[in-house]
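[1] Sharing a model that was predicted from the sequence below.
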Amino acid sequence: MFQAKSASLALRAASRASASHVLRSAAYSTATEVKKITVIGSGLMGAGVVQVAAQSGFEVNMVDLKQDFLAKGEKIITSSLKRVAKKKHADDAAAQQRFIDDVMSRVHLSTDSARAASESQLVIEAIVENLKTKQSLFKALDGAAPQETIFVSNTSSLPIGDIASATARKDRFAGLHFFNPVPQMKLVEIIRTAETSDQVFDTLFAVTKKMGKVPVACKDTPGFIVNRLLVPYMMESLRLVERGDASMQDVDTAMKLGAGYPMGPFELMDYVGLDTIKFITDGWYTAGKGLVGDKLIAPSSLLEKHVKAGEFGRKSGKGFYSYEGVGADKGKK
């Protein structure tokens, strides 16, 4: 009894010490105030980040290359806000509209990324998952934004340190990985490089908490936390089917009913995009720190087959399941 109690107290003390080291005590927080945020990218992810930021009281610049892209992003936000408004003010159409108008009054559209960054304390990049493209963007913004402005990337697979290398503010650079759909998903991964300052981490922790998210900290390692665990799980599901151990449908059913997952791995891969899964695993297998040649992420012939056929999942209408003519949350083989 005494030994068990002592061990429990020691574990709790170690846990408190670890939390203090990683997250830092609020009493000693060095967070700086963020009033205006610039989000580069107006796709589903970028628009989602803009929405939650504006709903949380931040002034937000949504930036993209063309007005057409911005118009689509704005439509994504307003459609989502209508659903939120109906839940908040179910029987009051006027209140619903006031809520939408209030949030949208804090959203500012722009095709001038340099100008938008110059007036922001935080710049969030949510563009195409390509290292050189991200580096080019941040290199250009580095000269336009104030020295104290924090840069973050929403990448899910690229090393934050590699992206930050294009700038002269490596201490003010981090990863801020939101999950899709952003308005519904509570988790945000805050990724620290060896050079990310405590002040930057504390600021990002405070900003994401204000957005109503739950932040977790991680070092700059391939896949961070969620994808580092999730991708090998999806790859092993592919190998189960490739070996003939179980059918795709039975694997999905087993993980939903046996493990309590909301989606089976094949449904999840269709949702994420099979081309995206292949891009991530190919990158890790050939160049991922500590993962090069790892059998957990070795190429899958079944995945290759679908990607080569242009069957990327929900976004293409067909992946492991078919989504043509059915609801967005359903699929048929």
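    Sure thing, it's come through. Residues are numbered from 1 along each chain as shown.
[2] Can you give me the buried ones in stretch 82-98?
    For stretch 82-98, burial by neighbour count (16 or more other C-beta atoms under 10 Å) applies to 84-85, 96. Any C-beta I mention is one placed from the backbone N, CA and C, and that applies to glycine too.
[3] And Glu195, how close does it get to Gly48?
    28 Å (C-beta to C-beta, to the nearest Å).
[4] Tell me which of those two has more neighbours.
    Gly48 (25 against 16; other C-beta atoms under 10 Å).
[5] Hmm, Met211 and the more buried one touching each other?
    No. Counting by C-beta atoms under 8 Å, Gly48 sits too far from Met211 to count as a contact (10.8 Å).
[6] still on that earlier bit, what about the buried residues of stretch 82-98, which are in helices?
    84-85, 96 (DSSP state H).
[7] now those in a markdown table, with pLDDT and distance to Tyr285?
    Below are those laid out as a markdown table (pLDDT from 0 to 100; distance: C-beta to C-beta, whole Å):
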| residue | pLDDT | distance to Tyr285 |
| --- | --- | --- |
| Val84 | 96 | 40 |
| Ala85 | 97 | 45 |
| Gln96 | 96 | 49 |
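[8] which of these lies closest to Val231?
    Distance to Val231 across these (C-beta to C-beta) is lowest for Val84, with 31.2 Å.
[9] May I ask which helix or strand encompasses Met235?
    Element membership of Met235 [criterion: DSSP states H and E] is helix 226-242.
[10] Just the CA atoms of the helix or strand following that helix, as PDB, please.
    Next along the chain after helix 226-242, taking DSSP H and E as the criterion, comes helix 248-258. Extracted in PDB, the C-alpha atoms of helix 248-258 (Å, rounded to 0.1, in the frame of the first residue of the first chain):
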ATOM      1  CA  MET A 248     -11.900  -4.100 -46.400                       C
ATOM      2  CA  GLN A 249     -15.500  -3.900 -45.200                       C
ATOM      3  CA  ASP A 250     -14.900  -6.200 -42.300                       C
ATOM      4  CA  VAL A 251     -11.800  -4.300 -41.200                       C
ATOM      5  CA  ASP A 252     -13.800  -1.000 -41.200                       C
ATOM      6  CA  THR A 253     -16.700  -2.700 -39.300                       C
ATOM      7  CA  ALA A 254     -14.300  -4.200 -36.800                       C
ATOM      8  CA  MET A 255     -12.600  -1.000 -35.900                       C
ATOM      9  CA  LYS A 256     -15.800   0.900 -35.600                       C
ATOM     10  CA  LEU A 257     -17.600  -1.600 -33.400                       C
ATOM     11  CA  GLY A 258     -14.600  -3.200 -31.700                       C
END
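[11] packing partners for helix 248-258?
    Judged by 3 or more C-beta pairs under 8 Å, 6 or more residues apart in numbering; DSSP states H and E, helix 248-258 is in contact with helix 226-242, helix 265-272.
[12] Dump the ones you listed to CSV, plus mean neighbour count, distance to Leu296 and mean pLDDT.
    Shown next, in CSV, are these (neighbours: other C-beta atoms under 10 Å; distance: least, C-beta to C-beta, whole Å; pLDDT from 0 to 100):
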stretch, mean neighbour count, distance to Leu296, mean pLDDT
helix 226-242, 17, 4, 97
helix 265-272, 23, 14, 95
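[13] for the ones you listed, which one sits closest to Gln135?
    Going by C-beta to C-beta, the one of these nearest Gln135 is helix 226-242, 20.9 Å.
[14] can you give me the helices in the chain?
    Secondary structure of the chain (DSSP H): helices at 2-23, 44-55, 67-88, 93-104, 113-118, 131-142, 160-164, 198-210, 226-242, 248-258, 265-272, 274-287, 301-308.
[15] For the shortest one, enumerate the helices and strands it packs against.
    Contacts defined by 3+ C-beta pairs under 8 Å, 6+ apart place helix 160-164 against helix 131-142, strand 150-153, strand 173-178.
[16] The ones you listed: which one's closest to Ala71?
    Of all the helices and strands packed on helix 160-164, helix 131-142 comes closest under C-beta to C-beta, at 21.2 Å.
[17] Show me the contact partners of the closest one.
    40, 113-114, 117, 123, 125, 127, 151, 153, 155, 158, 162-169, 173 (C-beta atoms under 8 Å, 6 or more residues apart in numbering).
[18] Filter the residues you listed down to the buried ones, PyMOL style.
    Paste this into PyMOL to select the buried members of the contacts of helix 131-142, with burial taken from 16+ other C-beta under 10 Å:
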select buried, resi 40+113+117+123+125+127+151+153+155+158+162+163+164+166+167+169+173
